[in-house]
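Novice: I'd like to go over a predicted model; first the sequence, then the structure.
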Amino acid sequence: MVDKTFTVHRNKAGQNEKRNLDVSTGNDTREYPCVSCHTNCCKEYVIFVNAHDVYRLSIGLGLDPENFLDIYGAKDFDLGIKVKEGLVDLALKQKNDACTFLVESKDVFRCTVNEFKPGVCKSYPFQMKDGKLTQMSDKMCPADWNTREFETMMKTHLKKDDDEWKFYHDLILEWNKKHWMRKPLSAFLRFILYQVAHSVPFDSDTALSQ
């Protein structure tokens, strides 16, 4: 698994497991975590993105990437993007110390790009460990997830997300070899959008449904 998910700016978050009573059987059942979620993950993480994430967001929003992206100093020298602005990584902008796409409605915060949100957001809080689907030990969800229920879907998604990060890293290496800080970030963004749109087997017609 490519280690390129979240950068953490963490405060203390309780991990209380909540349960509901199934009145038909009398059994306790775990509450679906998103029901009581306070979206702490959207507030406490800087969300780094890859080329496919940028492409899906740009198409879905009808916006140039500069409208929703910010740059951070690269965490990995070899995989940092070399542009005039410096050696950088790409992440979603933040607003009021939270993801720019997080909006409050009736005292509840919800994602406004849920249909085409970044892959790391879709996979949170799952990860593959020793070939098994597990939950991150430091997850911020208010309850535990049923990994068996989500195993098939999440294994497929995590593999896809991993492939997209590898694709992105190859693009960065190609860019850095050719340009070496001579061009601005805007040129790099045009480069990755073009590469994703023309990549195989990526299907741009189904980009927003993936």
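Specialist: Noted; the coordinates are in hand.
Novice: Gly73 against Ala91, yeah?
Specialist: No - counting by C-beta atoms under 8 Å, Ala91 is not a contact partner of Gly73; they are 10.9 Å apart. (Each C-beta comes from the backbone N, C-alpha and C, glycine too.)
Novice: Pick out whichever of the two has more residues nearby.
Specialist: Comparing Gly73 with Ala91 by other C-beta atoms under 10 Å, the one with more neighbours is Ala91, at 20 against 9.
Novice: Report the secondary structure state of the more buried one.
Specialist: Secondary structure, DSSP: H, G, I helix; E, B strand; the rest coil: Ala91 is strand.
Novice: who's in contact with it?
Specialist: Going by C-beta atoms under 8 Å, 6 or more residues apart in numbering, Ala91 touches 7, 46-49, 69-72.
Novice: Could you give the bridge partners of it?
Specialist: Residues in a beta bridge with Ala91, per DSSP bridges, are Phe48, Asp70.
Novice: what about it, distance to Glu149?
Specialist: Counting by C-beta to C-beta, to the nearest Å, the gap from Ala91 to Glu149 is 31 Å.
Novice: With Phe109 instead?
Specialist: For Phe109, the distance to Glu149 (C-beta to C-beta) stands at 25 Å.
Novice: Which residue of the two possesses the greater neighbour count?
Specialist: A side-by-side neighbour count of Phe109 and Glu149, using other C-beta under 10 Å, places Phe109 first with 16 against 11.
Novice: Phi first, then psi, for the more buried one.
Specialist: Main-chain torsions, Phe109, degrees, to the nearest 10: phi -100, psi 130.
Novice: all helices of the chain, in order?
Specialist: Per DSSP state H, the chain carries helices over the ranges 40-44, 51-61, 119-123, 147-179, 185-197.
Novice: Out of the ones you listed, which is closest to Lys132?
Specialist: Nearest of the helices of the chain to Lys132, taken as C-beta to C-beta: helix 147-179 at 8.3 Å.
Novice: Would you mark the buried spots in the closest one?
Specialist: 154, 157-158, 161-162, 164-165, 167-169, 171-172, 175-176, 179 (16 or more other C-beta atoms under 10 Å).
Novice: how about those, which pair is most distant?
Specialist: Farthest pair in these (C-beta to C-beta) is Met154 and His179. Separation: 36.4 Å.
Novice: re earlier: need the worst-confidence member of the buried residues of helix 147-179.
Specialist: By pLDDT, His179 ranks lowest within these, coming in at 81.
Novice: Provide a list of residues in contact with that one.
Specialist: Shown in contact with His179 (C-beta under 8 Å, 6+ apart): 82-83, 187-188.
Novice: nearest to Phe126, of the residues you listed?
Specialist: Distances from Phe126 to the contacts of His179, taken by C-beta to C-beta, are shortest for Phe188, at 30.0 Å.
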